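1. I would like the atomic coordinates for the input below:
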Amino acid sequence: MTSLQPFRFAVQATKATSAKEWRDTARSVQDLGYSTLFLADHYLGPGPAQREARWPAQHLAPVAALATAAAVTDTLRVGCRVFCVDYHVPGVLAKEAATIDLLSDGRLEFGIGAGWSEPEYRAMGLEFAPAGRRVDKLSEVVALVKAQWGGEPLELRGEHVTAVGHSGLPLPVQRPRPPIMIGGSQRRVLSLAAREADIVSLANVPFDARNAAGRTPTEEAEHRYGLVRDAAGSRISVLEVESSPFFARITDDATSTAGRVARTLDVPPDGLLDHPNVLIGTEDEVVDRLRERRERFGANYITVQQNEAERFAPVVARLTGN
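-> Numbering: from 1, shown residues only. As a prediction, this is how the structure comes out:
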């Protein structure tokens, strides 16, 4: 039987309108008992492109914000959920990440993915290549990151990534390297994550009652975890599985709250409370639901959104390390 990883929790935050507000956010996330502060690798501010992308307007770019958050905390881990391979020069991103790990005394978690937001690509003038090519590039970038962080001479000549004639500096503090998180939803990228990553991030599940394969959202999450488990083999016992309840709220009135979420998403409210990316209910109900989800699809590493961090903290206190 697969051993379950202990719970830990993160906050995903991208919003601050001043340096003080961001510093206070980082310190608060640490003081509330969260393991990690994540940012998102998205860049669109308000406008038609942002509305088409259906993603909140982004205030902060990740690299500088991660470095600042690490500088004003002492135990909080920092990372991006997740860097997009097409938004960065791979060797530069690997060096930036290693630098953050060095300057944070070993608190980086390195998330990376193949990219998914075609409207954002288009708005930034980037080619949104077919999925297969994007995953090919992701695989090469992961190999580069591992090699560059190892400090050995680099001789990588791939279709998408070239790094030759030098060694990587600085070396990360964490050895053999900082944890790598790979996020995705399809068989190929989840299999890559299962083989190469330390943390598998299960991308958000659609809110349709049933997807094209006939699976409910919960069944889809179980299916994705099955792909990870099959590809990981014996590694499954050491892999963490990250999942985000994008809509989370500790409340005594789950039905009304779920109704508001349903209206926001323009979906039926029936079954919404069981959706893998929804976590609404009393503290006890949320604790029970998280334990059930860990049993069903392995999710031990839970990321909540910035605006729910304080209300969710009692759940963090009850479950962290269990």
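2. mind listing the strands for the stretch 51-200 of the chain?
-> Counting by DSSP state E, counting those that start in this stretch, the stretch 51-200 of the chain has strands at residues 77-80, 83-84, 108-113, 153-157, 162-167, 180-184, 199-202.
3. and the fourth one, what does it pack onto?
-> If contacts are counted by 3 or more Cβ pairs under 8 Å, 6 or more residues apart in numbering; DSSP states H and E, strand 153-157 sits against helix 131-150, strand 162-167. The way it works is simple: take the backbone N, C-alpha and C, and place the C-beta from them, glycine included.
4. can I get these in CSV with mean pLDDT and mean neighbour count?
-> CSV is the format used below for the helices and strands packed on strand 153-157 (pLDDT from 0 to 100; neighbours: other Cβ atoms under 10 Å):
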stretch, mean pLDDT, mean neighbour count
helix 131-150, 97, 20
strand 162-167, 96, 12
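5. nearest to Ala258, out of those?
-> helix 131-150 (32.4 Å; Cβ to Cβ).
6. got the angle for the closest one vs strand 153-157?
-> Going by axes from the mean of the first three to the mean of the last three Cα atoms, to 10 degrees, helix 131-150 is angled at 170 degrees with respect to strand 153-157.
7. which stretch among the strands of the stretch 51-200 of the chain comes nearest Ser35?
-> Checking the strands of the stretch 51-200 of the chain against Ser35 by Cβ to Cβ gives strand 77-80 as the closest, at 5.7 Å.
8. got the helices and strands packed on strand 153-157 as TSV, with distance to Val82 columns?
-> TSV is the format used below for the helices and strands packed on strand 153-157 (distance: least, Cβ to Cβ, whole Å):
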stretch	distance to Val82
helix 131-150	10
strand 162-167	21
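9. wait, which of the ones you listed is closest to Leu273?
-> Closest approach to Leu273 among the helices and strands packed on strand 153-157 (Cβ to Cβ): helix 131-150, 31.5 Å.
10. what separates that closest one from the chain centre, distance-wise?
-> Counting by Cα atoms, centre = their mean, to the nearest Å, helix 131-150 is centred 17 Å from the centre of its parent chain.
11. how about it as PDB, C-alpha atoms only?
-> What follows is helix 131-150, C-alpha atoms only, in PDB (Å, rounded to 0.1, in the frame of the first residue of the first chain):
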ATOM      1  CA  ALA A 131       1.500  20.400 -26.400                       C
ATOM      2  CA  GLY A 132       4.000  17.700 -27.400                       C
ATOM      3  CA  ARG A 133       6.600  20.300 -28.300                       C
ATOM      4  CA  ARG A 134       6.000  22.200 -25.000                       C
ATOM      5  CA  VAL A 135       6.500  19.000 -23.000                       C
ATOM      6  CA  ASP A 136       9.600  18.100 -25.000                       C
ATOM      7  CA  LYS A 137      11.000  21.500 -24.000                       C
ATOM      8  CA  LEU A 138      10.000  21.000 -20.400                       C
ATOM      9  CA  SER A 139      11.800  17.700 -20.200                       C
ATOM     10  CA  GLU A 140      15.000  19.300 -21.600                       C
ATOM     11  CA  VAL A 141      14.700  22.300 -19.200                       C
ATOM     12  CA  VAL A 142      14.400  19.900 -16.200                       C
ATOM     13  CA  ALA A 143      17.500  18.100 -17.400                       C
ATOM     14  CA  LEU A 144      19.400  21.400 -17.700                       C
ATOM     15  CA  VAL A 145      18.300  22.600 -14.300                       C
ATOM     16  CA  LYS A 146      19.500  19.400 -12.600                       C
ATOM     17  CA  ALA A 147      22.800  19.400 -14.500                       C
ATOM     18  CA  GLN A 148      23.500  23.100 -13.900                       C
ATOM     19  CA  TRP A 149      22.800  22.800 -10.200                       C
ATOM     20  CA  GLY A 150      25.200  19.800 -10.000                       C
END
